[in-house]
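Colleague: Starting from these lines, generate the structure:
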Amino acid sequence: MGVTKRFIYTQSINEVANIAKVFAHPARVAILKHISEQEGCICNDLVDEIGLSQATISQHLTVIGNAGLLKGRFEGRKKCYCLNVERFEEFSILLNSFFIKTTANCC
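Modeller: From the prediction side, this is the model:
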């Protein structure tokens, strides 16, 4: 769906869709998993660990970052990434409230 149609949906629906996009690709899940297992920020080891090109990793990091799930800082020419735990907590609350309204009368 084009970005131009997003205005017809609520902010919470668009938020869920943005974060769901992150989890819809196995490379992004692998990137998040790798970052979450590190002691501190990671810089250039994603290419070696994930097995994708630098350009592809950068594209995936952009999608993850646009969803607000990463924090980063520049160290010289390198960008250092870590998870935005607060955003994951916000998403958990949002997703739970999104589905809590589902009734149990499904067949």
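
Colleague: any chance you could map the strands in this structure?
Modeller: Along the chain, the segments classed as strands by DSSP state E run 70-75, 78-83.

Colleague: Could you identify which of those strands is most buried?
Modeller: When the strands of the chain are scored by mean count of other CB atoms under 10 Å, the highest mean neighbour count falls to strand 78-83 (a mean of 16). Backbone N, C-alpha and C define where each C-beta goes, glycine included.

Colleague: Name the residues that touch that strand?
Modeller: 32, 35-36, 38, 40-44, 61, 69-74 (CB atoms under 8 Å, 6 or more residues apart in numbering).

Colleague: Kindly reformat the strands of the chain as JSON lines containing distance to Glu90 and mean pLDDT.
Modeller: As requested, the strands of the chain are exported to JSON lines (distance: least, CB to CB, whole Å; pLDDT from 0 to 100):
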{"stretch": "strand 70-75", "distance to Glu90": "14", "mean pLDDT": "80"}
{"stretch": "strand 78-83", "distance to Glu90": "13", "mean pLDDT": "84"}
